[in-house]
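Engineer: Pasted the sequence and its predicted model underneath.
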Amino acid sequence: MNIVSLLLTTAAFGLLGLATDAHHRRRFGHCPQAAQRRLLRNGGWLALVGSVVPAILSRGWIFGPILWAGVVMAGAGIAFLALNVIPARGDTRS
Amino acid sequence: MSKGFRQSQAFLHTWSGLLLGWILFLVFVAGTIAFWREGLNRWMRPEIARVEQPMRVLAGAQAYLARKAPDAKSWIIPVATKRSPGAQLFWVPQPKPGEERGRGRSRGRRDTQALIGADGQVAQARETRGGEFFYRFHFDLHYMPVIWARWLVGFATMVMLVAIISGIVTHKKIFKDFFTLRRARGQRSWLDGHNATAVLALPFHLMITYTGLVTLMTLLMPWAVVANYTDQKTVFAALFPTAAAIERTGRPAPLIDLRRIATDAQRRLGAPASFIEVSDPGDAAARVSVSQSANSMLSSRTPQLTYDGVTGRLVWRSPPPGAAAETAGAMVGLHAGRFAGNGGRWLYFLCGIAGTLMIASGLVLWTVKRRERLPDPTRPHVGFRVVERLNVAVVGGFPLGIACFFCANRLLPVTLHARADWEVHMLFIAWALAAAIAFVARPARVWPSLFAATGVLLVALPVYDVVATDRGLFAMLAIGDLMIAGIDATMALFGIAFLLLARRVARHRPAARRVRSARTAPAAMLEPAE
């Protein structure tokens, strides 16, 4: 269940990151259109909110929120590294 | 938000961060390592087998104490777990008539403590402070009176809170540039790295700083206590209630088997026990108090049960704590993370590393930003030189000291007098040497040398364990002891990271700097910090 929560937060921050101009251009070669951006943002927020559920289910109301806070940071960290470190197609950065 | 306000916050952030950054770096490094305190307690005593049957250790502890200190005033026996090296017990001898009765005076004495190993016998292990060193150094520092150290650390923590909050205002773009990391771009990269480590773990930074202040609150803000209580004892009794003390009768009576009491207490508490304290063992008035383990609950104020030591009857249980005590307990518990399993510890550990990197990059950033504005970069002014070299001495030197501490644990002769102290001295000797070099040689040379030395030592440690001991990484993996294997693997990883960092710093040529400073110096003057 913790893994589910972590996957959801990672996906959430991945989507939110892809909604930014810089990362979208780097991955897809163009800036996101308004509709696309809205879709990515809403998806990201939805996944972030949804990640609370498995955390609470697995650890209850005291440790669940603490676990969730940790998982949010971990997910944000993984997404941050993935977006910045994994080379994109046709990317000149090392 | 007005420009003036943001600039004042930038000033506050820069100078509060710089002046106490070095102490905060030490506190963060030691605190981060201390999340693996129990693991290191075992790693640094490689002679000791893993505890498989905690009750066997408890029985051994009782037998040992009954032999060694039958008429002590009290025995304190930690309940061994799979995570601990055994039961590090101690006893308080009967106060002699006329001798002052100081609280905890016998705590540090070596002749009133022993370590009971997994087989219930006194463990023959090297003398070491283990992971406890990092835990204590984290708020008591070393070589100085504890009370000064706590004031210093407490003050630094308050400043940390100021630096975090003013930092959020100063680096106004951190949330907008949440995903941005521009690499190999000099000052921009430092700033992005500083921001990323800060903002990604921001909930942790705020939590750990605030709850850190709560752990020291009665020291830093004694007024509520002073206004409501006349002496220390009443405060203590109100905060940490215990069963009423009874007089020693002088009639001998056999002490009940502590395993029975521990089993009963664990059933009643519904959780493992952490400490057993026996007062007046062997007397008809003997009492046995059992505290619940902090692994099982968030609050650090764990409930306690007290039994009659002869009949084994439950005579007292701690009342539920008040709301304020419960809140403070929960905050301290959140700070120490003792409730966390291994996954949770990793999260704490990684967040601690993020905090350490945030402080280190902030310190370096101070010099990076100012170097571009120096009238003559080859001959900086005194203040700049002092900061630059202190950065090398602290950020580069302290990790080297820690690596030497671990090496000393493996290499110092087992029979050495005051061996545990010498392990710690080695840390500070190595660090002092590194600091001395940092102040005489050029930083561009010293940075990579210190990183490389740290990296080599950290890689050598797990290799030494494989070659020279029977507790190497693969042997530990084979028997499923993931804690010891994990510590070895983590050291190797950190060693490799330090070596890569050393190579990167050594190859760095500040050639791009002149070009950029010519182009952007005026803009940098206008924009304080982002």
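Structural biologist: Thanks, I have the structure now.
Engineer: alpha carbons only for contacts and neighbour counts from here, please
Structural biologist: OK.
Engineer: so how far is the longest helix anywhere in chain A from its chain's centroid?
Structural biologist: Ordering each helix of chain A by length in residues (DSSP state H) puts helix A:52-85 first. The chain centroid and the centroid of helix A:52-85 are separated by 11 Å, computed with CA atoms, centre = their mean, to the nearest Å.
Engineer: hmm, it touching chain B?
Structural biologist: Yes: using CA under 8 Å from any CA of the partner chain, helix A:52-85 comes into contact with chain B via A:62-63, A:67, A:69-71, A:73-74, A:76-77, A:80, A:83-84.
Engineer: now, which of these sits nearest B:Gln62?
Structural biologist: Nearest to B:Gln62 among the residues of helix A:52-85 next to chain B: A:Phe63, at 35.3 Å, using CA to CA.
Engineer: for the record, mean pLDDT for the longest helix of chain A?
Structural biologist: Averaged across helix A:52-85, the pLDDT comes to 92.
Engineer: Equivalent analysis for stretch B:377-396, please.
Structural biologist: 90.
Engineer: repeat for stretch B:62-72
Structural biologist: 92.
Engineer: Show me what counts as buried in it.
Structural biologist: Neighbour counts over stretch B:62-72 (16 or more other CA atoms under 10 Å in any protein chain shown) mark B:Gln62, B:Tyr64, B:Leu65, B:Ala66, B:Ala69, B:Pro70, B:Asp71, B:Ala72 as buried.
Engineer: now stretch B:144-164
Structural biologist: Here stretch B:144-164 shows B:149-154, B:156-164 as buried, counting by 16+ other CA under 10 Å.
Engineer: And stretch A:55-74, by the same measure?
Structural biologist: A:55-56, A:59, A:63-74.
Engineer: What of stretch B:300-317?
Structural biologist: Buried residues in stretch B:300-317 (16+ other CA under 10 Å): B:300-310, B:312, B:314, B:317.
Engineer: So which of those belong to helices?
Structural biologist: Going by DSSP H, the helices hold none of those.
Engineer: Next one: the closest residue in space to B:Phe398 that isn't next to it in sequence from B:Gly396, what distance?
Structural biologist: In space, and not counting its chain neighbours, B:Phe398 is closest to B:Trp431: 5.7 Å by CA to CA, 6 or more residues apart in numbering or on different chains. According to CA to CA, to the nearest Å, B:Trp431 stands 9 Å off from B:Gly396.
Engineer: cool, and A:Leu40?
Structural biologist: Taking CA to CA, one finds A:Leu40 at 42 Å from B:Gly396.
Engineer: any weak-confidence spans in the stretch 151-300 of chain B?
Structural biologist: Judged against pLDDT under 70, the stretch 151-300 of chain B has no low-scoring part.
Engineer: rerun at 90
Structural biologist: B:169-193, B:217-252, B:270, B:282, B:294-300 (pLDDT under 90).
Engineer: any idea where the helices of it begin and end?
Structural biologist: Here the stretch 151-300 of chain B has its helices, by DSSP state H, counting those that start in this stretch, at B:187-200, B:202-215, B:217-220, B:223-228, B:232-239, B:258-269.
Engineer: hey, which of the ones you listed is tucked in deepest?
Structural biologist: Among these, helix B:187-200 has the highest mean neighbour count (mean count of other CA atoms under 10 Å in any protein chain shown), at a mean of 22.
Engineer: Show me what it is packed up against.
Structural biologist: helix A:52-85, helix B:342-371 (3 or more CA pairs under 8 Å, 6 or more residues apart in numbering or on different chains; DSSP states H and E).
Engineer: which stretch among those comes nearest B:Pro46?
Structural biologist: Closest among those, using CA to CA: helix B:342-371, at 20.6 Å.
Engineer: packing partners for that closest one?
Structural biologist: helix A:52-85, helix B:3-34, helix B:187-200, helix B:202-215, helix B:382-391.
Engineer: now those as a markdown table including distance to B:Leu450?
Structural biologist: Shown next, in a markdown table, are the helices and strands packed on helix B:342-371 (distance: least, CA to CA, whole Å):
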| stretch | distance to B:Leu450 |
| --- | --- |
| helix A:52-85 | 27 |
| helix B:3-34 | 16 |
| helix B:187-200 | 20 |
| helix B:202-215 | 28 |
| helix B:382-391 | 12 |
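Engineer: Looking at the ones you listed, which is nearest to B:Thr490?
Structural biologist: helix B:3-34 (11.3 Å).
Engineer: element containing the residue nearest the centre of chain A?
Structural biologist: In chain A, the residue lying closest to the centroid (CA atoms, centre = their mean) is A:Phe13, at 1.8 Å. Here A:Phe13 sits within helix A:2-18, counting by DSSP states H and E.
Engineer: Just want the angle from that helix to helix B:342-371.
Structural biologist: 30 degrees (axes from the mean of the first three to the mean of the last three CA atoms, to 10 degrees).
Engineer: Extract the C-alpha set from helix A:2-18 and format it as CSV.
Structural biologist: Extracted C-alpha coordinates of helix A:2-18, given in CSV (Å, rounded to 0.1, in the frame of the first residue of the first chain):
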residue,chain,number,x,y,z
ASN,A,2,2.9,2.4,0.7
ILE,A,3,4.3,1.5,-2.7
VAL,A,4,0.9,2.4,-4.3
SER,A,5,1.0,5.8,-2.5
LEU,A,6,4.6,6.4,-3.6
LEU,A,7,3.8,5.5,-7.2
LEU,A,8,0.8,7.9,-7.1
THR,A,9,2.8,10.8,-5.8
THR,A,10,5.7,10.1,-8.2
ALA,A,11,3.2,10.1,-11.1
ALA,A,12,1.5,13.2,-9.7
PHE,A,13,4.7,15.3,-9.7
GLY,A,14,5.8,13.8,-13.0
LEU,A,15,2.5,15.1,-14.6
LEU,A,16,2.8,18.5,-12.9
GLY,A,17,6.4,18.7,-14.1
LEU,A,18,5.4,17.9,-17.6
